[in-house]
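> need a structure here:
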Amino acid sequence: MASTTAAATNAARSATIPYLSASTQHSLYRNGKAFEQRDQDGSDAPWVGADLENRFMPMTDAQQLVAAQQPRLKAHGFELCARRLADPELDFLDHEQVVRRYYPDCAALVREATGARFVAAFDHNVRSAAGKNSKRRIAEQPVATHPIGFCYAAGVVPEDLVVFEIRYRDRTGENYLSKHAERHQWYFCPTLTRDEGLLIKQWDSAGELARINGANGDVVGAGLPSTFSFQTAFEDPQTPADALDR
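Below is the predicted model of the structure:
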């Protein structure tokens with residue numbers, strides 16, 4: 001959002017965002033220097049070659065913005081949408097229910113939002129800080145701490161990026177991590193319900209950054225699509241002290 005309005009200002013707060021340290025070497029392609037090892041259960045070993053540092057950044061509550069200011073998937077890389085669950089009784093901690101009954105709903109939403117002819121849902125994670133620390137599953141509960149934030153795609157330039165490898169026993173995945181820049185614009189949606197969804201771009205080959213192999217970042221305007229949006233859990237200073245853990 002290039003312009004600042006009273007509504008946008010009132011929706012913003014300062015939050016702690018984990019960034020890669022400024023000394024981390026920039027990279028656009030896999031080079032084996034930054035990675036983590038992950039086992040079949042999804043547990044991960046300490047990161048190698050990727051030290052984090054916390055930075056305070058303005059975080060805008062997208063749910064308080066008027067319709068004209070709402071982030072859009074094509075331009076920003078993420079979008080909030082109203083989407084009633086096809087199965088209101090769906091248990092998100094039941095793997096079989098999610099695969100059989102929720103995957104088709106997700107695929108339908110992506111088709112409607114993008115106009116894609118074919119969409120396949122193929123992977124999901126159940127995240128719980130308390131469960132990870134205790135090595136036990138916990139009962140499903142609303143996310144009350146460490147909400148997820150999204151970075152406006154056009155604020156990220158190639159020099160911010162560092163390739164991060166996720167090494168499984170049978171394959172290696174890749175993410176981009178980011179170093180800090182004051183130009184980054186962050187948004188979040190703190191009060192999502194089961195009747196709302198968030199669309200997040202992981203990679204769009206039609207985006208400017210992707211199309212020219214990282215020679216430049218994404219371009220604002222002219223109807224051009226974004227390549228991707230960074231997302232991260234962050235520390236919200238307005239989280240109640242007795243809030244249930246994520």
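> where in this structure is pLDDT low?
For the chain, the stretches flagged by pLDDT under 70 are 1-11, 41-43, 127-139, 141-143, 222, 244-246.
> repeat that with 80
Within the chain, the segments meeting pLDDT under 80 span 1-12, 40-44, 125-145, 220-223, 242-246.
> could you pull out the strands for it?
Counting by DSSP state E, the chain has strands at residues 12-20, 35-37, 52-61, 78-82, 148-151, 161-167, 172-178, 186-188, 196-200, 231-233.
> Excluding sequence neighbours, find me the nearest residue to residue 191.
Leaving aside its sequence neighbours, residue 191 sits nearest to residue 63 (Cβ to Cβ, 6 or more residues apart in numbering; 6.3 Å). Glycine gets a C-beta too; all of them are placed from N, C-alpha and C.
> residue contacts, that neighbour?
Each residue near residue 63 by Cβ atoms under 8 Å, 6 or more residues apart in numbering is listed here: 80, 189, 190, 191.
> is the first one in a bridge, and if so with what?
The one in question is residue 80. residue 198 (DSSP bridges).
> Turn the strands of the chain into JSON lines, columns for distance to residue 208 and mean neighbour count.
Below are the strands of the chain laid out as JSON lines (distance: least, Cβ to Cβ, whole Å; neighbours: other Cβ atoms under 10 Å):
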{"stretch": "strand 12-20", "distance to residue 208": "23", "mean neighbour count": "17"}
{"stretch": "strand 35-37", "distance to residue 208": "28", "mean neighbour count": "17"}
{"stretch": "strand 52-61", "distance to residue 208": "23", "mean neighbour count": "17"}
{"stretch": "strand 78-82", "distance to residue 208": "17", "mean neighbour count": "17"}
{"stretch": "strand 148-151", "distance to residue 208": "16", "mean neighbour count": "23"}
{"stretch": "strand 161-167", "distance to residue 208": "14", "mean neighbour count": "19"}
{"stretch": "strand 172-178", "distance to residue 208": "15", "mean neighbour count": "15"}
{"stretch": "strand 186-188", "distance to residue 208": "21", "mean neighbour count": "23"}
{"stretch": "strand 196-200", "distance to residue 208": "18", "mean neighbour count": "17"}
{"stretch": "strand 231-233", "distance to residue 208": "20", "mean neighbour count": "18"}
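> Before I go, just wanted to say thanks for your time.
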